[in-house]
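# here's a sequence, model it:
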Amino acid sequence: MKIRNPKSKILNKSKILNSKFNHWSLVIGICLVIGAWSLVIPAYALSINIDPSNIRIVQKPGETKSGSIIVQNSSSAGIKLKTYTEDWVYAPDGSKSFIKPGSSVYSCSNWIVLDTATFELAPNEGKKISFKITEPKNSSGGHVSVVFFESTVDVREGIAVAGRIGTIIYQDTEGDIKRAGEIKDLSVLASEEGTPVSVKFYFQNNGNTHISARPKISITKDNKTVAETEIKPINTLPADKGAGLATFTAPLKEGSYKAQVELKFDDKTLKSQADFTIKKTSTK
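As a prediction, this is how the structure comes out:
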């Protein structure tokens with residue numbers, strides 16, 4: 001699937017493989033723009049790997065720390081890349097939305113200095129890109145950024161296609177990190193025997209840094225677990241409210257039940273529960 005970035009280039013989504021590398025493939029082609037439509041004719045493919053896909057840095061106010069990212073060109077063609085940072089926030093669906101550096105209150109993009117702005121990779125060549133991050137003396141809590149590697153390839157005069165891949169940066173202030181939150185608005189949608197049961201809730205991040213909460217949802221009857229599932233982690237920045245939803249399709253018989261939600265992050269466990277009733281199947 002292709003998406004358009006703020007510079008109106010054609011971007012290919014990043015893919016994460018089951019390896020230590022974050023992997024991205026870019027299909028280069030001839031792009032003919034007619035009004036709001038684009039026609040892309042594939043010509044050849046470029047493949048880039050980066051390691052790691054995310055970095056967490058803990059530092060004191062005023063302190064400078066260093067890091068590095070390995071960029072590998074896994075294709076048979078050379079490639080030119082530029083590096084830069086951007087901010088990001090979570091969209092309502094839990095995906096990341098990337099925005100200009102310094103525009104988020106939780107940004108550390110402008111604290112990062114990369115050792116190169118542009119570089120080239122020959123076929124199957126790798127390169128280590130180093131960076132330094134300096135936390136301001138008056139800073140506190142947690143901050144985030146992303147280091148992007150973007151390729152722009154001119155296919156013909158005046159026409160170009162591009163792709164980018166990034167390493168997510170999580171920055172925490174040593175001794176000033178609070179991870180706290182609560183489960184809110186737990187509700188259960190249930191009706192008759194044999195119909196799905198949906199459990200919905202929100203995790204409110206009341207801390208001052210990024211939190212990835214791991215949910216487990218169970219249904220009990222007479223203190224016995226009759227159904228249980230785990231869903232993907234709920235990721236939030238400070239003050240965010242992330243949604244969780246679990247749907248149980250196994251039929252439940254008529255009776256009274258409890259839906260229980262358990263969220264874990266760090267060494268903390270949050271719990272909440274709600275009563276609900278399954279009605280007997282109606283007959284006409």
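
# show me where the stretch 151-284 of the chain has strands.
Assigned by DSSP state E, counting those that start in this stretch, the stretch 151-284 of the chain shows strands spanning 159-173, 181-189, 197-205, 211-221, 224-230, 234-236, 241-248, 255-265, 268-278.

# report the inter-axis angle for the fourth one versus strand 197-205.
By that I understand strand 211-221. The directions of strand 211-221 and strand 197-205 differ by 150 degrees, with axes from the mean of the first three to the mean of the last three Cα atoms, to 10 degrees as the criterion.

# ok, now the last one?
Computed by the same axes, to 10 degrees, the angle separating strand 268-278 from strand 197-205 equals 150 degrees.

# give me the buried positions along strand 268-278.
Leu270, Phe276, Ile278 (16 or more other Cβ atoms under 10 Å). Backbone N, C-alpha and C define where each C-beta goes, glycine included.

# from Ala246, how far off is the first one?
This means Leu270. Using Cβ to Cβ, to the nearest Å, Leu270 is found at 16 Å from Ala246.

# break this protein down into its structural domains.
As recorded under automatic domain parsing, the domains making up the chain are 2-173, 181-278.

# with mean pLDDT added, can I get those in a markdown table?
Listed next are the domains of the chain as a markdown table, based on pLDDT from 0 to 100:
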| stretch | mean pLDDT |
| --- | --- |
| domain 2-173 | 77 |
| domain 181-278 | 96 |
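
# dump the residue contacts of Ile217.
Residues counted as contacts of Ile217 (Cβ atoms under 8 Å, 6 or more residues apart in numbering) are Val199, Glu228, Thr229, Glu230, Ile231, Gly244, Ala246, Ala259, Gln260, Val261, Glu262.

# which residue packs closest to it, ignoring adjacent ones?
Ala246 (4.2 Å; Cβ to Cβ, 6 or more residues apart in numbering).

# Asp275 now?
Asp275's closest residue in space is Lys258 (Cβ to Cβ, 6+ apart), at 5.7 Å.

# list the contacts for that neighbour?
Contact analysis of Lys258 by Cβ under 8 Å, 6+ apart lists Ile219, Thr220, Lys221, Gln273, Ala274, Asp275, Phe276.
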